[in-house]
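Trainee: Quick one, structure for this:
(4 chains)
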Amino acid sequence: MSTQQPSAAATRITREQLAARIAADIPEGSYVNLGIGAPTLVANFLPDDLEIILHTENGLLGMGPAPEPERIDPDLINAGKQPVTALPGAAYFHHADSFGMMRGGHLDVCVLGAFQVSERGDLANWSTGAPGAIPAVGGAMDLAIGAKNVYVMTDLLTKSGESKLVQDCTYPLTGVGCVTRVYTDHAIFDVTPEGFAVREAFGDNTVQSLSELTGLRLRDSAAASGEGN
Amino acid sequence: MSTQQPSAAATRITREQLAARIAADIPEGSYVNLGIGAPTLVANFLPDDLEIILHTENGLLGMGPAPEPERIDPDLINAGKQPVTALPGAAYFHHADSFGMMRGGHLDVCVLGAFQVSERGDLANWSTGAPGAIPAVGGAMDLAIGAKNVYVMTDLLTKSGESKLVQDCTYPLTGVGCVTRVYTDHAIFDVTPEGFAVREAFGDNTVQSLSELTGLRLRDSAAASGEGN
Amino acid sequence: MIDKTVASVDEAVAGIQDGSTVMIGGFGRAGQPVELIDALIAQGATDLTVVNNNAGNGDTGLAALLAKKRVRKILCSFPRQHDSWVFDELYRAGEIELELVPQGNLAERIRAAGAGVGAFFSPTGVGTQLAEGKEERVIDGRTYVLEYPIKADVALISARQADRWGNLVYRETARNFGPIMASAAATTIVQVDQIVPLGSLEPENVVTPGIFVDRVVAVGERAWLRGGEFVGGVDIEGRPLARPDAAATAEVDQ
Amino acid sequence: MIDKTVASVDEAVAGIQDGSTVMIGGFGRAGQPVELIDALIAQGATDLTVVNNNAGNGDTGLAALLAKKRVRKILCSFPRQHDSWVFDELYRAGEIELELVPQGNLAERIRAAGAGVGAFFSPTGVGTQLAEGKEERVIDGRTYVLEYPIKADVALISARQADRWGNLVYRETARNFGPIMASAAATTIVQVDQIVPLGSLEPENVVTPGIFVDRVVAVGERAWLRGGEFVGGVDIEGRPLARPDAAATAEVDQ
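Mentor: Numbering: from 1, shown residues only, chains lettered A, B, ... in the order given. Coordinates of the predicted model:
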């Protein structure tokens, strides 16, 4: 596993820029679940003039933004237990129906955070496996295996400079072979049968520099899809 | 299998009397499914001053009587596809929920017709197994295994005088070991671990005469429960 | 803007391929999407596998599709009815294949497909002909048979109202298979009495969320309603009562 | 006359036995039947196995039940929260057993219990620690793990309105586990804002039919509603906003 000193950091985009980049890749009409934490930011960048329907696994399709403080409704919350609103066209349902919707492959996209993603698309995002930690999984495993496209939103490197893209996850798995694409602050990676392919490198990053950062053999998505090199 | 000439028929009650007898055994507050055919008659004898909630497996709890002809609603039918009404307090639901309700053991009573019932409570009521017949099962198998109490309503003898209570069903089974009690025009039988027990014999019928009619060893329910002989 | 509404039943059923598995909602005539079935007949797809509780009534709707010999196989629980003569004749002639499924297993298998369940152990049918050859298992002292999901390429269903996101509400026992079939098909096509503006359907009362719906077409109000209120005046098949001149056209009226 | 209503929460929870498995509705605080839990604490049943999505928030409701050491084991998907200090301490001290279940498997296992499904193959959790030791099977090229139903002796849930037959409607995402838990317990006990006359609930909109409900008790309207209409003025925990004198009593207010 490659490590990288912060002083040598390559060009990185901010978390907000990354959220905007993910939002731009979601077509109108998509049914989308945004995981707890950073992925929630993506909602702020979905264009107002496009209809994208947000799902929250606790039982709502058509989730809207947070309410004004005096309009907080304790009965109307998202999976992160934050107050939300419901848009015209929303629908409520119970937990078995909600997770059936996920497990049955009806969501177009879900965006999740990650501790690690392996070259085969394995995801680790629910437990660091630290001894004594209290485990909690929530809907992570259901989301990981359920959506048609599972996007991971994460920094490429941990705070200590280790790559979150790995050959094999060392943290406990959330799902096997489930990740479609990884959006990081350095680049966007597709998970392909031959491992990670760089779909888009931000700023000065190159396939070569990303290979060095991650310690992985990376391919160029454009080359992989036969569109050039 | 014993046969019996019509001319030698023992005391029999009418189908309406039998329906009334079954109705009298259903306590207030019960959730009840009445099968297609003769069991439907039971509804006519449920006391007006008792609340007994009827289920129809096509998606309604709180089924009421047939409407006046000019109030027939093609969207509001029972499992026999006859027009019905919905009482105040009714609820509609889809087929998976309706059959989950049955399969999950939430109905107190269902009343079904039968071709044959075996001493172990096996039920045959969906197919005569006749070659060339078009098979159709509907919800019979779900009802047979789902309710807490499965009552069979039937003539004791076929038109040709054969007993419908048998050691082993010769017709194709609907459910195994599922029948609780059999209400016939001659007597009421409980299904016990030791076979049929006569719960109540109508008119001149006796355990002895019923044994002769059915060709089965029968016990006396009262004796079986230690209440006398 | 998301708009799942289409202008005609022909547009609604466009693209259904020969050889498709088509779920058709309804229990008998209640909830049967007759206008969509008529459009499917006109569209011409053939060699179909149909999933329905029954096998057609009279000469209209599903029965008409069968009569055109577009259906290779049918999965259902109750084909034999007093008015199933079209199916009966095809079956006796060996011109249609039948997979008979107990009604609750049919419903649960459709739900399983929609809910991503790989298979499930059902107590229904254990020890009967309809469980022959199926895997059995005793769980907590009770015997179950393993049942697999039923998926479809297309579902044709009927509901009372939809909005342009495809949210649906049904009417009474016409709901029956609609919600689960909508969830189990790659493409779900719905005929409704009426398309209402987005936001008109109370989110608490939506029965089928739009995520399960692909196309919606309005076919006009059913004959026994006026402005959404029940007015009656029809028989169980939806034909006008006591209007002698109506008898001639009754067969196509539902 | 069927009347499932009872006059008090104490009457509602009467008879719950030591050693029972108790399902408790709610996702975090939304839909948590706090008044019933308080009554259960007063009632005294102990050595309980609790099924809930979480493991208590703050010091009230489920957290208070845990703090009284009435719970031997908890099945949940997400015990660790910013305000789960009661559970955290018990868990670290080895005073409570935890069965961690992915949320969708938790929901589906509860539904399976209510729907008479003996077991089902789920794709969730395959290849993870939470599927270790479970039976796996490949169906149509995908790997599944076999999951079993979760039944309960008692379910305590919260809904918005009930009638005397026990028909229920919920409110927004507070619906969450209510309908499935109601179906999976031998005795289902419900607290509602309001009991309405039979016939007031539209049959199309009933979410939990009364067949799943045994006892209903009215506990008064939630603080953010007035006459059924949302008025707001509370924080996410249901405590009044911007009323300094209200802070002292806020902890017991939900």
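Trainee: The closest residue to chain B within chain C in helix, strand or coil?
Mentor: Nearest residue of chain C to chain B (C-beta to the nearest C-beta) works out as C:G104 at 3.2 Å. Bear in mind the C-beta positions are built from the backbone N, C-alpha and C, glycine included. Of the three states, C:G104 takes helix according to DSSP: H, G, I helix; E, B strand; the rest coil.
Trainee: quick one: it and B:I145 touch, right?
Mentor: No. In this structure, C:G104 is not within contact of B:I145 by C-beta atoms under 8 Å, at 9.2 Å.
Trainee: what about C:G114, which helix or strand?
Mentor: In this assignment (DSSP states H and E), C:G114 forms part of helix C:103-115.
Trainee: which ones are touching the spatially closest residue to A:L112 that is not a sequence neighbour?
Mentor: The shortest distance from A:L112 to any residue other than its chain neighbours is 4.2 Å, reached at A:G35 (C-beta to C-beta, 6 or more residues apart in numbering or on different chains). If you count contacts by C-beta atoms under 8 Å, 6 or more residues apart in numbering or on different chains, A:G35 has them with A:A79, A:C110, A:V111, A:L112, A:G113, A:A140, A:L143.
Trainee: Recalculate using a threshold of 7 Å.
Mentor: Applying C-beta atoms under 7 Å, 6 or more residues apart in numbering or on different chains to A:G35 gives the contacts A:C110, A:V111, A:L112, A:G113, A:L143.
Trainee: Just among the residues you listed, which is most surrounded?
Mentor: A:L143 (34 neighbours; other C-beta atoms under 10 Å in any protein chain shown).
Trainee: could you pull out the strands for the chain?
Mentor: Just so you know, I chose chain A. A:31-34, A:53-56, A:60-64, A:85-92, A:109-112, A:116-118, A:123-124, A:149-154, A:165-166, A:181-184, A:187-192, A:195-201, A:219-220 (DSSP state E).
Trainee: was after chain C, sorry
Mentor: C:21-24, C:48-51, C:71-76, C:97-100, C:119-122, C:136-139, C:142-147, C:152-162, C:168-169, C:185-195, C:215-218, C:225-226, C:229-230.
Trainee: hey, C-alpha coordinates of stretch A:59-77 in CSV?
Mentor: What follows is stretch A:59-77, C-alpha atoms only, in CSV (Å, rounded to 0.1, in the frame of the first residue of the first chain):
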residue,chain,number,x,y,z
GLY,A,59,-39.4,5.1,4.2
LEU,A,60,-39.7,8.1,1.8
LEU,A,61,-39.3,8.7,-2.0
GLY,A,62,-39.3,12.4,-3.0
MET,A,63,-37.2,13.7,-0.1
GLY,A,64,-36.7,17.5,-0.2
PRO,A,65,-34.2,19.8,1.5
ALA,A,66,-34.0,20.5,5.3
PRO,A,67,-36.8,22.6,6.6
GLU,A,68,-36.6,26.0,8.3
PRO,A,69,-35.8,25.5,12.0
GLU,A,70,-39.4,26.4,13.1
ARG,A,71,-40.7,23.8,10.6
ILE,A,72,-38.7,20.9,11.8
ASP,A,73,-40.9,17.8,11.9
PRO,A,74,-39.6,14.9,14.2
ASP,A,75,-41.7,12.5,12.1
LEU,A,76,-40.0,13.4,8.9
ILE,A,77,-36.4,12.5,8.9
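Trainee: Checking it against chain D, do any of its residues make contact.
Mentor: Yes. Contact of stretch A:59-77 with chain D (C-beta under 7 Å from any C-beta of the partner chain) involves A:G59, A:L60, A:P69, A:E70, A:R71, A:I72, A:D73, A:P74, A:D75, A:L76, A:I77.
Trainee: give the contact list for A:G29.
Mentor: Listed by C-beta under 7 Å, 6+ apart, the contact set of A:G29 reads A:E51, C:I2.
Trainee: before we move on, what about A:C110?
Mentor: A:V32, A:N33, A:G35, A:L143, A:A147, A:V150 are the contacts of A:C110 under C-beta under 7 Å, 6+ apart.
Trainee: count of neighbours near the nearest residue to A:G203 once chain neighbours are set aside?
Mentor: In space, and not counting its chain neighbours, A:G203 is closest to A:T11: 2.7 Å by C-beta to C-beta, 6+ apart. By other C-beta under 10 Å, 13 other residues sit near A:T11.
Trainee: just the one 10 residues further on next, same as before
Mentor: Using other C-beta under 10 Å, the number of residues around A:R21 comes to 17.
Trainee: contacting residues for it?
Mentor: Going by C-beta under 7 Å, 6+ apart, A:R21 touches A:Y183.
Trainee: Can you check the pLDDT for it?
Mentor: On pLDDT, A:R21 comes in at 97.
Trainee: show me where chain A has helices.
Mentor: A:15-24, A:95-103, A:140-146, A:207-214, A:221-224 (DSSP state H).
Trainee: okay if I get these as a markdown table plus distance to D:P79?
Mentor: Shown next, in a markdown table, are the helices of chain A (distance: least, C-beta to C-beta, whole Å):
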| stretch | distance to D:P79 |
| --- | --- |
| helix A:15-24 | 28 |
| helix A:95-103 | 17 |
| helix A:140-146 | 14 |
| helix A:207-214 | 34 |
| helix A:221-224 | 40 |
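Trainee: hey, which of those is tucked in deepest?
Mentor: Mean neighbour count (mean count of other C-beta atoms under 10 Å in any protein chain shown) peaks for helix A:140-146 among these, with a mean of 31.
Trainee: Run through the neighbouring helices and strands of that helix.
Mentor: helix A:95-103, strand A:109-112 (3 or more C-beta pairs under 7 Å, 6 or more residues apart in numbering or on different chains; DSSP states H and E).
Trainee: Now do the contacts for A:A90.
Mentor: With contact set as C-beta under 7 Å, 6+ apart, A:A90 has these partners: A:L60, A:L61, A:G62, C:P203.
Trainee: What is the burial count for the first one?
Mentor: By other C-beta under 10 Å, the residues close to A:L60 number 28.
Trainee: can you check the one 10 residues further on too?
Mentor: Residue crowding around A:E70 was assessed by other C-beta under 10 Å; the count is 11.
Trainee: quick one: contacts for it?
Mentor: D:G232, D:G233, D:L241.
Trainee: Around chain A, pick out the residues from chain C.
Mentor: So far as C-beta under 7 Å from any C-beta goes, chain C lies against chain A at C:1-2, C:114-116, C:163, C:165, C:167, C:183, C:198-199, C:203-204, C:206, C:209, C:211-212.
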